[in-house]
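Novice: Coordinates for the following, if possible.
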Amino acid sequence: MEQILQFFFEYKEAIFIIALSIFLGIEVISNVPAVLHTPLMSGANAISGVIIIGGIILVGHADLTTFSLSLVLGILALIFGTLNVVGGFAVTDRMLEMFKKKKK
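Specialist: Numbering: from 1, shown residues only. Okay, here's the model as predicted:
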């Protein structure tokens, strides 16, 4: 318990920035009009691509002989980033499919 409190005290600025980013992101995303969802999804896919690259770098530099925090975070970044990219492209493709003309 003491280590957890020490971690929070040592990284309180970073934790505050992350929490503030989460609240700001929720507020911004909830107020996006329906017309802008496709461009917004494309931007989210680009950010998730950067997260995937970061996860690959993190896993590549992790010590594979032990079960380290960097290995776990890298694998989680790869999994969640890939899910976001694939899901984003699927939703974007489905939305763009609505605007195509029907074949007779």
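Novice: so where is the protein shaky, pLDDT-wise?
Specialist: Low-confidence segments of the chain (pLDDT under 70): 38, 104.
Novice: switch the cut-off to 50
Specialist: Within the chain, not a single segment meets pLDDT under 50.
Novice: how does it divide into domains?
Specialist: Domain ranges of the chain: 1-31, 35-104, per automatic domain parsing.
Novice: top helix in this protein by residue count?
Specialist: If you go by DSSP state H, the chain has its longest helix at helix 69-97.
Novice: that older thread, dump the domains of the chain to a markdown table, plus mean neighbour count.
Specialist: For every residue, glycine as well, the C-beta is placed using N, CA and C. Below are the domains of the chain laid out as a markdown table (neighbours: other C-beta atoms under 10 Å):
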| stretch | mean neighbour count |
| --- | --- |
| domain 1-31 | 9 |
| domain 35-104 | 13 |
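Novice: Just give me how far the longest helix of the chain sits from the chain centre.
Specialist: Here the centre of helix 69-97 is set off from its chain's centre by 7 Å, with C-alpha atoms, centre = their mean, to the nearest Å.
Novice: What of stretch 81-98?
Specialist: 14 Å.
Novice: what does stretch 62-74 give?
Specialist: 20 Å.
Novice: Just the C-alphas of it, formatted as CSV.
Specialist: Extracted in CSV, the C-alpha atoms of stretch 62-74 (Å, rounded to 0.1, in the frame of the first residue of the first chain):
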residue,chain,number,x,y,z
ALA,A,62,11.0,-5.3,-22.9
ASP,A,63,12.9,-8.0,-21.0
LEU,A,64,11.3,-11.2,-22.2
THR,A,65,13.0,-13.4,-19.6
THR,A,66,10.9,-11.9,-16.8
PHE,A,67,7.2,-10.8,-16.6
SER,A,68,7.7,-7.1,-16.6
LEU,A,69,5.3,-4.1,-16.6
SER,A,70,6.6,-2.8,-19.9
LEU,A,71,5.9,-6.1,-21.5
VAL,A,72,2.3,-6.2,-20.2
LEU,A,73,1.7,-2.5,-21.2
GLY,A,74,3.1,-3.1,-24.6
